[in-house]
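> Return a 3D structure for these sequence lines:
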Amino acid sequence: MAVLIASDLGKDISGTPLFRGVSLKLERRDRLTIAGRNGAGKTTLLRMLAGQTSVDAGELSFEKGCRVALHDQRPPRERDLTLRDYVLSGAAELVALEQELLELTERMAEGDERALDAYARAEARLEHAGGWNWRDRAAGMVRGLGFGEDDLDRRLATFSGGQLTRASLARALGAQPDLLLLDEPTNHLDIESLEWLEQTLLSLDTAIVMVAHDRWFLETVGTAVLEIEAGRGRFFPGTWAQWRREAAAREMALGRAIEKQQAEIARMEAFVERFRYKASKARQAQSRLKRLDKMERIDRDPRDTRELGFKFGAVERSGRVVFEMTGGRLEVGEGRVLLDDADIWLERGEHVSLVGANGTGKTTLIEALAGRTEPAAGKISRGHNVKLGYLSQHAEELTAGGARTVLEACQRLTGLTPGKARALLGTFLFSGEEVEKPLDGISGGERQRLTLAVLVSSGANVLILDEPTNHLDLDAREALEDALSAYEGALLLVSHDRALLDAVGSRTVAVEDGTLRSYVGGWPEYARVREERKAAKSAKPAKSAKPAVPKAPAPTVKPKAKPQAVTSKPANGNGGGLSKNARRRLRELEREVEAAEAVLRELEAELAAPDAWATPETSAAASERHRAAKRAVEEAYARWEAAGA
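Numbering: from 1, shown residues only. Here you go, the predicted structure:
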């Protein structure tokens, strides 16, 4: 049975149609993505489905007793509640059911026979909603989104804006609704929480409608797409990637149709112009003129033709090492240590991704590297001819110098003339009167585009970017991805957008256990190492008793010469032919070898147990796991040997 049926929905804003003809049908475990440009009405449609905004045309129908929960980008209004009470308030119906069951229990104890049937009906409703342990599941949602046990009894007023957004998401998930509406659920989530959310949504027996800009998230979770384009809705059954391919093909077909029609119009207009005053051809000319007037013109909606496209220009050559921090110690607040004995370096032309959980010190680190703060200990040095461009999460730099409008901010930060500043802003979709918008009245996406415009104009040969995709729509994210991929300078990127990390990064620095570790390769290589480490931690410990001989012995890896620790700089000062950074990299690669070997040893201990080879299926799985671990060791050795060659 359908959870939701929407028929020909329409919405007006100040008397002007926002969209028309939106129809959809959702059953349990359907997960619908709403796609469209900023301003197309995606959030408005979510609020219509939640009953928070009126439906101006069409009809909405829900299954009987359908429970709806909405997570949107508005922070909670009531700030005196604790996090626990706020999350549980999203399940008011379940709380009321519990209270009803308690009252019915008391009536049954007093001998009220009519309470027995009422109790059975109420308990059935509670079981339908997840049963008596729904509070435990709600607490699990809170923990999965990065909150600790101590946070549950904190008042909302003590949390940051990003934490409040995550609290709103936990509240919607904890309500265990029949219809879950999510507006930008990936905002303010680190990668670990993102992956947890993906798996959680896949497991829910719920219909889901979502608006998001994280491409990997949409591809992983979505089962269908509702596209709002040119004020009309179009439903597409299939994944996000399949819809993008279909939309691209449709766009090409539309372009060909427009060209064909325009060529036909040009021929007819030329005929009319040539023969309309010639007596022998006047009737034909008039006929074609009428056809022209009646012809329905194929055209694109002006709202759907503006696209962001930009690139960084050529950059000046810097020194080989752009910047370097050795023995760094970063602290916040009352001496709370974020990083200790941390080393990081960036070389000319390198594109490095900086990853780690929220609150581990990524932003504090890049502020120190950008010269905005000082480390508590350690040394930061900068190379020759370094011209730095910095983008912060909240674009605070835009208000520097007292700028009031978009144009003023652009001029003051770039030094361009008004005409050139307008031309630059036009590239970033600020046209006409939009450049006169006050800074305190522009959206998050507009602030991010303005900051990117300033960066492009700066000519920086080193970029440090802190969450540059925040508030950008999908087209803008892809434009940024293309521009950064082609950027010739050095880049240090902090982002939770895995598609961007995958496309841009060539080396990964991870914040782990209060220090920094460097991994050769981009996001896919780091993700593989991370998953292998997780697998090793979750592996069963070897049994203490001597195991029986398995059906097939676990093969062993042929021992190689252990990589020797990279020594410190020799007395002759040439480093044995290796630079200081090369020696540091060798040490990092040596640790990777040791980690891969540790994973292999633990796996071989686990595979020594007979049940690992008890059936053909488990034998095949064990062999495959062992081959993967062995291959990881060999690859780690290969990287180490190549770096030392």
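> which parts of stretch 189-203 are buried?
Leu189, Asp190, Ile191, Glu192, Ser193, Leu194, Glu195, Trp196, Leu197, Glu198, Leu201 (16 or more other Cβ atoms under 10 Å). Using the backbone N, CA and C atoms, a C-beta is placed for each residue, glycine as well.
> And the first one, which helix or strand is it part of?
By that I understand Leu189. Element membership for Leu189 (DSSP states H and E) is empty, with no helix or strand holding it.
> Test my guess that it contacts Leu145.
Yes: contact criterion Cβ atoms under 8 Å: Leu189 and Leu145 qualify, at 7.1 Å.
> got any residues that touch both of those two?
Taking Cβ atoms under 8 Å, 6 or more residues apart in numbering as the criterion, Leu189 and Leu145 both touch Arg166, Leu197.
> CSV for the buried residues of stretch 189-203, including secondary structure, distance to Asp341 and pLDDT?
Below are the buried residues of stretch 189-203 laid out as CSV (DSSP: H, G, I helix; E, B strand; the rest coil; distance: Cβ to Cβ, whole Å; pLDDT from 0 to 100):
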residue, secondary structure, distance to Asp341, pLDDT
Leu189, coil, 29, 88
Asp190, coil, 23, 88
Ile191, helix, 24, 90
Glu192, helix, 24, 89
Ser193, helix, 27, 90
Leu194, helix, 29, 92
Glu195, helix, 29, 91
Trp196, helix, 30, 92
Leu197, helix, 33, 94
Glu198, helix, 34, 94
Leu201, helix, 39, 95
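> Show me which pair in these is furthest apart.
Farthest pair in the buried residues of stretch 189-203 (Cβ to Cβ) is Asp190 and Leu201. Separation: 16.9 Å.
> for the chain, which helix is longest?
The residue-count maximum for a helix in the chain (DSSP state H) belongs to helix 240-275.
> Now do it: distance to the chain's middle.
Relative to its chain's centre, helix 240-275 lies at 35 Å (Cα atoms, centre = their mean, to the nearest Å).
> and after that helix, which helix or strand comes next?
Sequence order places helix 282-294 as the next helix or strand after helix 240-275, per DSSP H and E.
> From the contact counts, what lies against the next helix or strand after that following helix?
Following helix 282-294 in sequence order, the next helix or strand is strand 321-332 (DSSP H and E). Contact partners of strand 321-332 among helices and strands, from 3 or more Cβ pairs under 8 Å, 6 or more residues apart in numbering; DSSP states H and E: strand 336-347, helix 362-369, strand 377-382.
> Note down every partner strand of strand 321-332 and its orientation.
Under the criterion DSSP bridges, strand 321-332 sits next to strand 336-347 (antiparallel), strand 377-382 (antiparallel) in its sheet.
> ok so, going back, avg pLDDT for the longest helix of the chain?
The pLDDT scores in helix 240-275 average 76.
> thinking again about what came up before, just name the most buried of the strands paired with strand 321-332.
strand 336-347 (a mean of 19; mean count of other Cβ atoms under 10 Å).
> Give me the residues contacting that one.
Strand 336-347 is touched from outside by 320-332, 352, 360-361, 364-365, 369, 376, 378, 462, 490, 492, 509, 511, 514-516, 518, 581, 584, with contacts defined as Cβ under 8 Å, 6+ apart.
> avg pLDDT for the helix or strand following it?
Sequence-wise, the next helix or strand downstream of strand 336-347 (DSSP H and E) is strand 351-355. Taken as a whole, strand 351-355 carries a mean pLDDT of 95.
> cool, and stretch 150-160?
On average, the pLDDT along stretch 150-160 is 87.
> buried set for that stretch?
Neighbour-count burial for stretch 150-160 [16+ other Cβ under 10 Å]: Asp151, Leu152, Leu156, Phe159.
> can you map out the strands along the stretch 501-645 of the chain?
Under the criterion DSSP state E, counting those that start in this stretch, the stretch 501-645 of the chain contains strands at 507-512, 515-520.
> Mean neighbour count, distance to Ala249 and mean pLDDT added to those strands, as a markdown table?
Putting these into a markdown table (neighbours: other Cβ atoms under 10 Å; distance: least, Cβ to Cβ, whole Å; pLDDT from 0 to 100) gives the following:
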| stretch | mean neighbour count | distance to Ala249 | mean pLDDT |
| --- | --- | --- | --- |
| strand 507-512 | 20 | 35 | 93 |
| strand 515-520 | 20 | 38 | 90 |
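> I'd like these laid out as CSV, including distance to Val95.
CSV is the format used below for the strands of the stretch 501-645 of the chain (distance: least, Cβ to Cβ, whole Å):
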stretch, distance to Val95
strand 507-512, 39
strand 515-520, 45
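> Which one, of these, ends up nearest to Glu624?
strand 515-520 (23.8 Å).
> could you give the angle of the closest one to strand 336-347?
30 degrees (axes from the mean of the first three to the mean of the last three Cα atoms, to 10 degrees).
> Would you mind pulling up the elements that strand 515-520 packs against?
Against strand 515-520 (3+ Cβ pairs under 8 Å, 6+ apart) you get strand 336-347, strand 507-512, helix 523-538, helix 580-607.
> Could you tell me the least trusted of these?
The bottom spot among those, by mean pLDDT, belongs to helix 580-607, with a mean of 78.
> which parts of that helix are buried?
581, 583-593, 595-597, 599-600, 602-604, 606-607.
> and if you look at stretch 69-77?
Under the neighbour-count criterion of 16+ other Cβ under 10 Å, stretch 69-77 has Ala69, Leu70, His71, Asp72, Pro76 buried.
> Doesn't the first one lie inside a helix?
No: with DSSP: H, G, I helix; E, B strand; the rest coil as the criterion, Ala69 is located in strand rather than a helix.
> is it true that it touches Pro185?
No: if you go by Cβ under 8 Å, Ala69 and Pro185 don't touch, sitting 11.8 Å apart.
> can you pull the contacts of Phe159?
Taking Cβ under 8 Å, 6+ apart, we find Phe159 in contact with Leu83, Asp151, Ala167.
> that older thread, looking at the strands paired with strand 321-332, which is nearest to Gly426?
strand 336-347 (32.7 Å).
> quick check: angle from the closest one to strand 351-355?
Compare the direction of strand 336-347 with that of strand 351-355 by the same axes, to 10 degrees and you get 170 degrees.
> Could I get the full set of strands for the stretch 351-500 of the chain?
Under DSSP E, counting those that start in this stretch, the stretch 351-500 of the chain gives strands at 351-355, 377-382, 388-391, 462-466, 490-494.
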